[in-house]
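Q: Predicted model follows, preceded by the sequence.
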Amino acid sequence: MIDADGFRANVGIIIANDKGRLLIAKRIGQDAWQFPQGGIGQEETPEVAMYRELHEELGLHPDDVQCLGRTGRWLRYRLPKRFIRRNKKPLCIGQKQIWFLLRLRSDESAIRFDLHETPEFESWQWVDPSEPPERVIYFKRDVYRRALEELEPLIAAESVRSI
């Protein structure tokens, strides 16, 4: 779904463990790390899209996680000119994202990449919340910082609760 301004509607998924560390995943065949994310379908709400992407990309079900919160507004980023596909209509110049913060409730073994025909990731790791903005591709860094800034109090509160 691309809006009138050229931004594709998307969800971002931040998964925290009980220690306040975040799951970051490595894209197949690339030295590229990111949070799971994906587009919102025409008839989907952001929450429905988030749970669909959660299963497609990580093999997790709603019972495997607890939703701690989401960003209050769309966070946008523009694609660099060289990444814009000018031959596609409607033209997409970037993404607008609602970010969700989840806590993993299940064992880590529930995370699987082999449940979808075309997996996006090949590995994952837990990292300190300061790391993802530095490890993601440069044009997404500001959105990562803004999402983490908004959701960080929930990450901190959740890790304190688990002690």
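A: It's in.
Q: What segments of the chain are strands?
A: 7-16, 22-27, 33-34, 37-39, 65-70, 75-78, 94-104, 121-127 (DSSP state E).
Q: Just checking the distance from the last one to the centre of its chain.
A: Using Cα atoms, centre = their mean, to the nearest Å, the distance from the centre of strand 121-127 to the centre of the chain it belongs to is 13 Å.
Q: Then the fifth one?
A: Centroid separation for strand 65-70 versus its chain: 13 Å, with Cα atoms, centre = their mean.
Q: cool, the longest one as well?
A: Using Cα atoms, centre = their mean, we find the averaged C-alpha position of strand 94-104 to lie 5 Å away from the chain's own average C-alpha position.
Q: now for it, which elements pack on it?
A: If contacts are counted by 3 or more Cβ pairs under 8 Å, 6 or more residues apart in numbering; DSSP states H and E, strand 94-104 sits against strand 7-16, helix 46-58, strand 65-70, strand 75-78, helix 141-161. Bear in mind the C-beta positions are built from the backbone N, C-alpha and C, glycine included.
Q: can we see that at 7 Å?
A: For strand 94-104, the packing partners by 3 or more Cβ pairs under 7 Å, 6 or more residues apart in numbering; DSSP states H and E come out as strand 7-16, strand 65-70, strand 75-78, helix 141-161.
Q: now the angle from the helix-or-strand element of the chain with minimal mean pLDDT to strand 65-70?
A: One helix or strand of the chain scores below all others by mean pLDDT, DSSP states H and E: helix 141-161, with a mean of 84. Interaxial angle of helix 141-161 relative to strand 65-70 (axes from the mean of the first three to the mean of the last three Cα atoms, to 10 degrees): 120 degrees.
Q: neighbouring contacts of helix 141-161?
A: Helix 141-161 has contacts (Cβ atoms under 7 Å, 6 or more residues apart in numbering) with 12, 14, 16, 18-20, 68-69, 71, 75, 77, 97, 99, 101, 103, 129, 132-133, 136.
Q: Any buried residues in that helix, and which?
A: Across helix 141-161, burial judged by 16 or more other Cβ atoms under 10 Å covers V143, Y144, R145, R146, A147, L148, E150, L151, L154, I155, E158, S159.
Q: Same check on stretch 56-74?
A: For stretch 56-74, by 16+ other Cβ under 10 Å, it's E56, E57, L58, G59, L60, D64, V65, L68, G69, R70, T71.
Q: Leaving out the residues flanking it, which one is nearest to S123?
A: K26 (4.7 Å; Cβ to Cβ, 6 or more residues apart in numbering).
Q: Low-confidence bits of this structure, can you list those?
A: The model of the chain has pLDDT under 70 over residues 157-163.
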